[in-house]
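A.B. asks: Requesting a structural model of the entry that follows:
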Amino acid sequence: MSHSEAVRSICTCLSGTGSLGRKDGGMNRKWGVFVAGLCTVGVLVGCGSIRVGEPPVVVKRTQMHMGTLVAITAVAPTKEEAHVSIEAGFHEIKRLEQLLSTWISASELSQVNAAAGQRPVAVSRETLDLVSRSLEMARLTDGGFNIAVGPAVEAWSVTERQRRPSSVELDRLRPLVDWSVIQLNWTANTIFLPQPGMRIDVGGIGKGYAADRAVGVMKGAGARGGVVALSGDIKTFGDLPGMKGFPVGIRHPRQEGTLIATMDLKNEAVSTAGDYERYFEQDGIRYHHILDPKTLEPARKCQSVTVIAAEGTVADGLDTGIFVLGPEKGMALVEQLPNVEAVIIDDQGRITVSSGLRSRLRYP
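C.D. replies: Numbers count the residues shown, from 1 in each chain. All right, here's what the predicted structure looks like:
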């Protein structure tokens, strides 16, 4: 099988949702990036354990966590080390879900949300760190990425009620989606949401963060390389035997099952945000779930944004923020950031590729 055929052999659809732990049957928030060749090309990502010479061993396993199918692949000297590292990765993801998922009432973020307008809530340094990084992404993207926008997203509820909220309703929600008023106290390790009814949700960055953390524990458990894929948030490390990197494909935002390009990742992460993931159409207009926090209406300047970065946290946070910023401001931001590349497809279907990525993409 040729490399291009392998990339097209995508037999495992990595599904998920925008909120950590959400299981609503809705369409995938990150449906735009696929690990290529799953279950078809043994040297890439096998369905079980495969020896490629003596050693290493390549092992892949899947489990449900964070409301999505999580696929972890490990390259290790022995089968036992591969399985141990994979189990360590799954355990880390499950642990983080208990801290961060707003669909778990006892999680730290659920407790923060329940105390909105009342009192600061003590949290772990991990939760504080992720919320801090989320606010950093908000600043970088001029508020395009916003962990406080949840009340407006719920008002739209594009996969359930499929209704347009009135301007009066959206105006009433504006004080609740102001990320700039979120208060972090690094001395007391607390988070405070000053407005009653505010809530934060790190679903737009948490899967990338979990992938980063899972890779860290996998390395500590003996893995020399591998992939952690939570839906379309993918983090790679090390090498696959006989390969230059881990091949991934970027799907066409208007032609399901079609890839616009493929590339190889090595010690990198990739994440995609698109308007084709959760949406409804009314009077010929597409209303999707990625809202512009300034207008509380669906962002209109892009069809999809794919970000490649050294960290999954960065890739996951930036893709949504750049989607809202639009192709010109978004690409200008990418070109300023170290170790960040992007593919932006605008509202007309025009493709823009960052300067450091152009030579790496392969087109059908």
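
A.B. asks: So which elements touch the host helix or strand of Ile234?
C.D. replies: In this structure, Ile234 sits in strand 233-237 according to DSSP states H and E. Helices and strands touching strand 233-237, as assessed by 3 or more CB pairs under 8 Å, 6 or more residues apart in numbering; DSSP states H and E, comprise strand 33-35, helix 206-220, strand 225-230, strand 269-274, helix 312-325. Where you see a C-beta, it was placed from the backbone N, CA and C, and this is true even at glycine.

A.B. asks: same thing but 10 Å
C.D. replies: Strand 233-237 sits against strand 33-35, strand 68-76, helix 206-220, strand 225-230, strand 246-251, strand 259-265, strand 269-274, helix 312-325, with contacts defined as 3 or more CB pairs under 10 Å, 6 or more residues apart in numbering; DSSP states H and E.

A.B. asks: quick one: it to chain centroid distance?
C.D. replies: Averaging C-alpha positions (CA atoms, centre = their mean, to the nearest Å) puts strand 233-237 10 Å from its chain's average.

A.B. asks: could you check the angle helix 206-220 makes with that strand?
C.D. replies: Computed by axes from the mean of the first three to the mean of the last three CA atoms, to 10 degrees, the angle separating strand 233-237 from helix 206-220 equals 20 degrees.

A.B. asks: Tell me the buried residues in strand 233-237?
C.D. replies: Within strand 233-237, the residues that qualify as buried by neighbour count (16 or more other CB atoms under 10 Å) are 233-237.

A.B. asks: and the residues you listed as TSV, adding distance to Gly67 and pLDDT?
C.D. replies: Compiled in TSV, the buried residues of strand 233-237 are given as follows (distance: CB to CB, whole Å; pLDDT from 0 to 100):
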residue	distance to Gly67	pLDDT
Asp233	13	94
Ile234	17	97
Lys235	18	98
Thr236	22	97
Phe237	24	97
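
A.B. asks: Closest to Thr68 out of those residues?
C.D. replies: Nearest to Thr68 among these: Asp233, at 9.1 Å, using CB to CB.

A.B. asks: Low-confidence regions, this structure specifically.
C.D. replies: Along the chain, segments meeting pLDDT under 70 span 1-55, 158, 279.

A.B. asks: just the helices in it please.
C.D. replies: Listed in chain order, the helices found in the chain under DSSP state H are 3-8, 79-100, 108-114, 125-140, 150-156, 167-173, 206-220, 312-325, 327-336.

A.B. asks: Tell me which of those is the most buried.
C.D. replies: Mean neighbour count (mean count of other CB atoms under 10 Å) peaks for helix 312-325 among those, with a mean of 29.

A.B. asks: for the helices and strands packed on strand 233-237, which one sits closest to Gln336?
C.D. replies: When those are compared (using CB to CB), the closest one is helix 312-325, at 11.8 Å.

A.B. asks: ok, Val305 touching Leu318?
C.D. replies: Yes - applying CB atoms under 10 Å as the test, Val305 and Leu318 come out as touching, 8.2 Å apart.

A.B. asks: Having no further points to raise, I will conclude here.
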